[in-house]
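Participant: please work out how this folds:
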Amino acid sequence: MEIFDYDNVLLLPRKCRVESRSECDASVTLGQRTFRLPVVPANMKTVVDEKICRWLASNGYFYVMHRFDLDNVQFVRDMHAAGCFASISLGVKQPDYDTVDRLVAEGLSPEYITIDIAHGHADTVKAMIAYLKQHLPQAFVIAGNVATPEAIIDLENWGADATKVGVGPGKVCITKLKTGFGTGGWQLSALKWCARVATKPIIADGGIRSHGDIAKSIRFGATMVMIGSLFAGHEESPGKTVEVDGEQYKEYYGSASDFNKGEYKHVEGKRILEPIKGRLADTLVEMEQDVQSSISYSGGTKLMDVRKVNYVILGGDNAGEHLLM
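Facilitator: Numbers count the residues shown, from 1 in each chain. A predicted model of the protein is given here:
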């Protein structure tokens, strides 16, 4: 298989079929709902909070709330009271099972549940999927994170409705350095590899550095793209605001960092400062316009038309002449 990542692949244009890029439809369906964009902010403490999640849900975007220092049951209650869908994260430990039991006892069922652990190809994930399917059968279950076709096959067979692909490619992730494992540096290739066997949606998680990477993710098999650093650092972002040499920054740290854990144990994440980018709504509008442009370059009118284009791998033996049909 070819090994490549976002920065050394370019998609090839096809004849444009629209008069205006604004005619292109960037929406995507996941579960029972259709969303304006195939992107979701990472479920991290410095990227989303309850207020941002409510705004995203109210404005037609997908979200996944993080699972740290949060009462998931109250969150579901609040989202439903606001007329919004509820999308939560769970781990695989006893308190997570207790949360499921509380949801059932109160007659609450979140529309989306993401089982969110660093190494999702695990017996503990199998057990949690089974528990969710038994007790909250209406919920759309996303499970991850994984990096191999074997993991995709297992998670789908265990009952996951979607899988999350990406181990360590994120900007604040140091899994590759700490463990020697992961998809850091070849995330796009890993996505392609996993998508070959997937029969259900894949969420590509990590490694996105520019809006064009969204289209590349869709081309290689993603239904949705989870993005951390591009969504961190907005005026509304929950990270702490820090001033350095007169410039304003927002704190952004990995879920497996000591900043998030509160202790230095099994650390696979770090903390960085992201320049403040303005308002989240403006970034989402720009993203939508850029995805619409990608669709127009693909010769299509809707998002999945991007999957039909050819691409080139830059560099390597063929130095840009490696045409993939």
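Participant: look at the spatially most central residue of the chain and tell me its secondary structure.
Facilitator: For the chain, Met226 is the residue whose C-alpha lies nearest the centre (Cα atoms, centre = their mean; 1.8 Å). Following DSSP: H, G, I helix; E, B strand; the rest coil, we place Met226 in the strand state.
Participant: my read: Cys16 touches Ser294, true?
Facilitator: No: contact between Cys16 and Ser294 fails when scored by Cβ atoms under 8 Å: they sit 11.8 Å apart. Every C-beta, even on glycine, is put in place using the N, C-alpha and C of the backbone.
Participant: so which of these two has more stuff around it?
Facilitator: Ser294 (26 against 14; other Cβ atoms under 10 Å).
Participant: run through the residues that contact that one.
Facilitator: Shown in contact with Ser294 (Cβ atoms under 8 Å, 6 or more residues apart in numbering): Leu11, Gly212, Ile214, Ala215, Ile218, Val306.
Participant: show me just the buried residues among those residues.
Facilitator: Leu11, Gly212, Ile214, Ala215, Ile218, Val306 (16 or more other Cβ atoms under 10 Å).
Participant: tell me which residues are up against the host helix or strand of the fourth one.
Facilitator: Per DSSP states H and E, Ala215 falls inside helix 212-219. Identification of contacts with helix 212-219 by Cβ under 8 Å, 6+ apart yields 6, 9, 11, 38-39, 188, 191, 204, 207-208, 225, 227, 287, 290-291, 294-295, 298, 303-304, 306-307, 309, 311.
Participant: how far off centre is stretch 220-239?
Facilitator: Offset of stretch 220-239 from its chain centre (Cα atoms, centre = their mean, to the nearest Å): 7 Å.
Participant: again, but for stretch 184-193
Facilitator: For stretch 184-193, the distance to the chain centre is 14 Å (Cα atoms, centre = their mean).
Participant: give the buried residues for stretch 16-36.
Facilitator: Buried, per 16+ other Cβ under 10 Å, within stretch 16-36: Arg21, Cys24, Asp25, Ala26, Val28, Leu30, Gly31, Phe35, Arg36.
Participant: any idea how far the closest residue to Gly83 other than its chain neighbours is from Asp96?
Facilitator: In this structure, Gly83 finds its nearest non-sequential neighbour in Ser58, 7.9 Å apart by Cβ to Cβ, 6 or more residues apart in numbering. The spacing between Ser58 and Asp96, counted by Cβ to Cβ, to the nearest Å, is 27 Å.
Participant: which of the two has more residues huddled nearby?
Facilitator: Using other Cβ under 10 Å as the criterion, Ser58 and Asp96 rank with Asp96 on top: 21 against 12.
Participant: tell me which element that one is part of?
Facilitator: helix 94-105.
Participant: between helix 212-219 and the helix or strand containing Leu191, find me the angle.
Facilitator: Using DSSP H and E, Leu191 falls within helix 187-195. On the basis of axes from the mean of the first three to the mean of the last three Cα atoms, to 10 degrees, helix 187-195 is oriented at 20 degrees to helix 212-219.
Participant: you'd agree Gly170 is up against Gly228?
Facilitator: Yes: counting by Cβ under 8 Å, Gly170 does reach Gly228; the two are 5.5 Å apart.
Participant: what is in contact with those two at once?
Facilitator: With Cβ under 8 Å, 6+ apart, Gly170 and Gly228 have common neighbours Ala42, Gly206.
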